[in-house]
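# turn this into a model:
(one chain, ligands or ions: 2)
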Amino acid sequence: MTEFKIKQRVNILLKAGEITADFISFEGKGTEKEHIGIYFEGTEKKEGTAPLVRLHSECLTGDVFSSARCDCGDQLDEAIDLINKEGGYIMYLRQEGRGIGLYAKLDAYALQDQGYDTYQANEMLHMPQDDRDFGVAADMLKALEANTIRLLTNNPDKAQQLKDSGIDVVEVVPTQVHVHEHNRKYLETKAERKAHTIHFED
Ligand SMILES: Nc1nc2c(ncn2[C@@H]2O[C@H](COP(=O)(O)OP(=O)(O)OP(=O)(O)O)[C@@H](O)[C@H]2O)c(=O)[nH]1
Ligand SMILES: [Zn+2]
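Ligands and ions are numbered 1, 2, ... in the order given. Here you go, the predicted structure:
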């Protein structure tokens, strides 16, 4: 296996210059998908606190076009603002559609429009419910020497997979619940089927 290491690191101004972040590429096994690490120094960083990390799976429709079918765009925005404040990393993982790809996700959406839930739709396409492997995020964190972290998620599987890959997750910080009428079913399904710690107000 090729040694996993940092390939390039460049600073980019975000949000009309209000936020500055380093975009980091990697070399090694698993980087064919061009996963990106994004480092925020932390405008209100507390001394001695482990970096806050978000593993964000790519969602073109949500991240770029603010799709109302999911909460990905809102979650990404929340992660940028919070991690910019507290210091840490977003691992932007090119795992579109929970790893099945964009075209298959659109096929799954078409099935959902016929009444199937997000996980049933994947199965009907003979795809895994969730095809993501977060081990590559552990490799990225190790290359960045961020072996001890706080993790921003409601997905227990992410924390478990990082721990199994040798990352010390000292705290799990829940993400906010960005619920509205269009994505309610999608979020409820995650909570029911995947033990996501999502708390709905009503
Ligand atoms: N296959 C499929 N993928 C979806 C669907 N809706 C969103 N996604 C993908 O799901 C990924 C987001 O992951 P989620 O499972 O929603 O949430 P999570 O990131 O695991 O959990 P949190 O850390 O708590 O947000 C992105 O890659 C989206 O493209 C869908 O209906 N079908
Ligand atoms: Zn999404």
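# strands of this protein, start to end?
5-14, 19-27, 36-40, 52-57, 88-93, 148-152, 168-173 (DSSP state E).
# ligand 2 contacts on this structure?
59, 62, 70, 72 (CB under 5 Å from the ion). Where you see a C-beta, it was placed from the backbone N, CA and C, and this is true even at glycine.
# wait, the third one touches Cys59, no?
Yes. With contact defined as CB atoms under 8 Å, Cys70 and Cys59 form a contacting pair (6.2 Å).
# now for the residue nearest to Ile90 when sequence neighbours are not counted, how many residues are close by?
Counting by CB to CB, 6 or more residues apart in numbering, Ile90 lies nearest to Ile38, which is 4.4 Å off, once chain neighbours are set aside. Residues near Ile38, counting by other CB atoms under 10 Å, number 21.
# pLDDT score assigned to Ile38?
Per-residue pLDDT puts Ile38 at 98.
# repeat that for Gly62.
97.
# who's in contact with it?
69-73, 76 (CB atoms under 8 Å, 6 or more residues apart in numbering).
# and with 7 Å instead?
70, 72-73 (CB atoms under 7 Å, 6 or more residues apart in numbering).
# show me where pLDDT drops low in this structure?
Within the chain, the segments meeting pLDDT under 70 span 1-2, 194-202.
# 50 instead, please
Within the chain, the stretches with pLDDT under 50 are 1.
# any idea which residue sits dead centre in it?
Closest residue to the average C-alpha location of the chain: His56 at 1.4 Å, with CA atoms, centre = their mean.
# partners of that residue in the sheet?
Note on His56: beta-bridge partners Tyr92, judged by DSSP bridges.
# and the longest helix for this structure?
helix 72-86 (DSSP state H).
# mind listing what's buried in that helix?
By neighbour count on 16 or more other CB atoms under 10 Å, the buried set for helix 72-86 is 72-76, 78-80, 82-84, 86.
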